[in-house]
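Q: Structure here, sequence nowhere to be found:
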């Protein structure tokens, strides 16, 4: 699982691949619904927002804020 995660390049891409595979599978079986699309879209947007927050605040330390 770790190799797949590293290949994907991070949490957002990893889950996007998982959700895409699930969506394609459901679409081929004719079970893809608007509820699934809305759920996956909201989860993916939260993951992207969390990753962006971590990237933005990741390099800052409390001591760096006092220095100018």
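A: Happy to help now that I have it. As the structure is a prediction and not an experimental result, all values here were calculated from the model.
Q: Which residues does whichever helix or strand residue 42 is part of contact?
A: Assessed by DSSP states H and E, residue 42 sits inside helix 34-58. Outside helix 34-58, the residues within contact range by C-beta atoms under 8 Å, 6 or more residues apart in numbering are 10, 11, 12, 15, 16, 19, 22, 23, 26. Using the backbone N, CA and C atoms, a C-beta is placed for each residue, glycine as well.
Q: pLDDT score for the first one?
A: The predicted local distance difference test score for residue 10 is 68.
Q: ditto for the fifth one
A: Looking at residue 16, its pLDDT stands at 81.
Q: Just give me the neighbour total for it.
A: Neighbourhood size, residue 16 [other C-beta atoms under 10 Å]: 16.
Q: Tell me how far it lies from residue 41.
A: Distance, residue 16 to residue 41, using C-beta to C-beta, to the nearest Å: 11 Å.
Q: give me phi/psi at residue 30?
A: Main-chain torsions, residue 30, degrees, to the nearest 10: phi 80, psi 20.
Q: Going through the contacts of helix 34-58, which ones are buried?
A: Burial by neighbour count, 16 or more other C-beta atoms under 10 Å: within those this picks out 12, 15, 16, 19.
Q: so how far is residue 30 from the closest residue in space to the second one that isn't next to it in sequence?
A: In space, not counting the residues next to it along the chain, residue 15 is nearest to residue 47; the distance is 5.6 Å by C-beta to C-beta, 6 or more residues apart in numbering. From residue 47 across to residue 30, the span is 27 Å (C-beta to C-beta).
Q: for residue 14, same thing?
A: Residue 14 sits 27 Å away from residue 30, going by C-beta to C-beta.
Q: which of these two has more neighbours?
A: The neighbour count for residue 14 versus residue 30, taken as other C-beta under 10 Å, is higher for residue 14 (17 against 6).
Q: In three-state terms, label the more buried one for me.
A: helix (DSSP: H, G, I helix; E, B strand; the rest coil).
Q: and if you look at residue 32?
A: For residue 32, the assignment made with three-state DSSP gives coil.
Q: so who does it touch?
A: 23, 26.
Q: State the pLDDT value of it.
A: So, for residue 32, pLDDT stands at 85.
Q: repeat for residue 2
A: The predicted local confidence for residue 2 is 68.
Q: Please consider this matter closed, and thank you.
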